[in-house]
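> Return a 3D structure for these sequence lines:
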Amino acid sequence: MTIVVESLQQTMTTENELALHDERLAPIIPPLSPLALLDKAMERGITAENVGVMRDLMQMVREQRADEAKAAFAKALFQLRKNMPEIYVDKAAKNAKGEVAYRYCSEEEITSKLDPHLIAYGFTTLFSQAQVDGKVAVTVTLMHEAGHSTEHHFTVRPGATNAMKDASSADSGAATTALRHLLMKLFGLKSHMVNAPADAKIEGEFISDDKIAYLEEQIKETGFNREKFFQLAGCSTLDRVTEGKYDVLVNALAMKGGRA
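As a prediction, this is how the structure comes out:
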């Protein structure tokens with residue numbers, strides 16, 4: 001009897017070891033995504049019994065895609081904020097005596113530098129304005145190519161009217177002011193004072209031949225749109241790229257190639 005029990009125990013132990021060994025060797029099958037589950041359900045056809053399940057699967061697919069778009073948006077925005085362009089004070093506001101009261105960056109200065117930078121990282125913006133409780137409110141919608149977008153708002157009081165400026169002009173000026181402040185706050189832009197025409201916007205010397213060759217190689221390797229690249233570079237040929245722009249362009253190419 002003892003011999004039989006011991007033999008049975010050894011057999012069970014051997015079977016357990018073999019089962020454990022087979023389990024370790026078995027391939028790991030990843031769980032099916034909601035989209036894959038929906039595809040399988042579609043293959044079987046929609047019936048009265050599974051229509052509720054199909055509806056739930058479609059909602060899961062929408063949520064999954066929204067989460068993926070948000071993740072792509074966040075990653076691209078992080079890379080964008082690491083390489084913001086410099087903007088320069090280019091306008092002056094004067095008082096009634098014709099004296100300069102303060103200086104500021106115009107909407108044209110901001111957008112001319114910001115828009116190519118946004119496009120290079122897969123972003124674009126939409127602008128709208130409205131009257132809210134007697135104030136001028138502007139909204140900037142930041143959209144990413146993956147499909148996610150966010151809305152940002154800024155409100156200001158309209159300026160006073162005078163003989164040279166009617167209500168519409170006052171509202172337009174207020175909207176422009178709100179837009180400038182919103183864009184600068186949203187993207188963390190910092191304005192730079194221009195102290196002398198000679199060094200107003202110096203970005204260094206033109207890059208060397210080896211850097212030109214590197215940029216050309218990376219543009220071809222990453223498939224970066226050349227038109228967008230030169231918009232970001234602020235020039236039309238690689239031999240006119242300055243040292244001050246070089247690192248920004250390299251980072252943009254790295255982002256496009258998935259190395260950032």
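
> got the residue ranges for the strands in the stretch 1-150 of the chain?
In the stretch 1-150 of the chain, the strands defined using DSSP state E, counting those that start in this stretch lie at 87-88, 91-94, 100-104, 123-132, 135-144, 149-156.

> mind listing what Ala187 touches?
To be clear, residue 187 is Phe; Ala isn't right here. Shown in contact with Phe187 (C-beta atoms under 8 Å, 6 or more residues apart in numbering): 80-81, 84, 114. (C-beta placed from N, C-alpha, C; glycine too.)

> Could you do His181 as well?
Residues in contact with His181 (C-beta under 8 Å, 6+ apart) are 154, 156.

> Quick one, grab the pLDDT at it.
Predicted confidence (pLDDT) at His181: the value is 88.

> And it, how close does it get to Glu99?
His181 sits 23 Å away from Glu99, going by C-beta to C-beta, to the nearest Å.

> got the buried residues for the helix or strand where Ala170 lies?
Per DSSP states H and E: Ala170 is located in helix 167-187. Using 16 or more other C-beta atoms under 10 Å as the test for burial, helix 167-187 gives 170-172, 174-180, 182-184, 187.

> Let me see the domain layout of this structure.
Following automatic domain parsing, the chain resolves into domains at 87-195, 203-256.

> and the shortest one, average pLDDT?
Averaging pLDDT along domain 203-256 gives 84.

> rewinding a little: are any of the contacts of Phe187 buried, and which?
80, 114.

> In helices only, show me the contacts of Phe187.
Counting by DSSP state H, these place 80-81, 114 in helices.

> Can I get those residues in JSON lines including pLDDT and distance to Arg226?
Formatted as JSON lines, those follow (pLDDT from 0 to 100; distance: C-beta to C-beta, whole Å):
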{"residue": "Leu80", "pLDDT": "92", "distance to Arg226": "20"}
{"residue": "Arg81", "pLDDT": "91", "distance to Arg226": "25"}
{"residue": "Leu114", "pLDDT": "93", "distance to Arg226": "20"}
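
> Rebuild these as a markdown table, extending it with distance to Val89.
Shown next, in a markdown table, are these (distance: C-beta to C-beta, whole Å):
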| residue | distance to Val89 |
| --- | --- |
| Leu80 | 23 |
| Arg81 | 22 |
| Leu114 | 15 |
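
> Let me know the closest of these to Ser208.
Nearest to Ser208 among the ones in helices among the contacts of Phe187: Leu80, at 27.2 Å, using C-beta to C-beta.

> Identify the residues contacting that closest one.
With C-beta under 8 Å, 6+ apart, Leu80 has these contacts: 117-118, 121, 123, 187.

> where's the closest residue in space to Asp90 that isn't next to it in sequence relative to Tyr88, distance?
In this structure, Asp90 finds its nearest non-sequential neighbour in Glu109, 4.8 Å apart by C-beta to C-beta, 6 or more residues apart in numbering. Counting by C-beta to C-beta, the separation of Glu109 from Tyr88 is 6 Å.

> The two: who's more crowded?
A count of neighbours by other C-beta atoms under 10 Å puts Glu109 above the other of Glu109 and Tyr88, at 17 against 14.
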